[in-house]
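Enquirer: Attaching a predicted model along with its sequence, questions to come.
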Amino acid sequence: MLELQENISLKSFNSFGFDVSARYFVELKSVEQFEALHQLIADCDLPVLIIGGGSNLILTNDLNQLVVVNRISGHSISEAEDGTLCVTAGAGEDWHTLVRWTLEQGCYGLENLSLIPGTVGAAPMQNIGAYGVELKDRMLSLEAFDLDTGEKQRFSCEECQFG
């Protein structure tokens, strides 16, 4: 169940620490909460801002919006028939923490992308890259929630149309 809060300070939700408030606020903690979030969005009839770690976010005024903080966590590694390792992670996971975990598991390929601030969910939005490696070079697909329809969709790397 989602806990809708009103007039919440966003100071701890942006890396600049600007003390602005959100009219409505909710933390999304699991994929199972998507249906409730979709209904909440329809009911509140306000613009929606979804944030992760807040590292690329400058808030200068109070927001007359529904602010959703993505806290969906969890990660796993599976092996394909050809021996390829596949990492699955929740969008609310801290990116650098995920990279460190993959290395601890002996799963290599993301190490050049370590220390990039933000969350797993923000990584494809920016096609993060460093030292000759971009996320598009390592990503197979992503699942996203369509705020308009309430449906979950899967996008291949090609469908993401990274530049």
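Expert: It's in.
Enquirer: Got the domain ranges for this structure?
Expert: 5-70, 75-160 (automatic domain parsing).
Enquirer: now the end-to-end length of the first one.
Expert: Here the two ends of domain 5-70 are set 15 Å apart, with distance taken as C-alpha to C-alpha, to the nearest Å.
Enquirer: can you give me the helices in the protein?
Expert: Using DSSP state H, the helices of the chain run over 34-44, 95-104, 122-126, 157-160.
Enquirer: Any buried residues in the helix or strand of the chain with the lowest mean pLDDT, and which?
Expert: For the chain, counting by mean pLDDT, DSSP states H and E, helix 34-44 ranks last in confidence among helices and strands (a mean of 91). The neighbour-count criterion (16 or more other C-beta atoms under 10 Å) identifies 34, 37-38, 40-41 as the buried residues of helix 34-44. For every residue, glycine as well, the C-beta is placed using N, CA and C.
Enquirer: which helices and strands sit right next to that helix?
Expert: Using 3 or more C-beta pairs under 8 Å, 6 or more residues apart in numbering; DSSP states H and E as the contact test, the elements touching helix 34-44 are strand 21-28, strand 63-70, strand 141-145.
Enquirer: Turn the ones you listed into TSV, including mean pLDDT, distance to residue 79 and mean neighbour count.
Expert: Rendered in TSV, the data for these read as follows (pLDDT from 0 to 100; distance: least, C-beta to C-beta, whole Å; neighbours: other C-beta atoms under 10 Å):
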stretch	mean pLDDT	distance to residue 79	mean neighbour count
strand 21-28	97	29	20
strand 63-70	96	28	19
strand 141-145	95	16	16
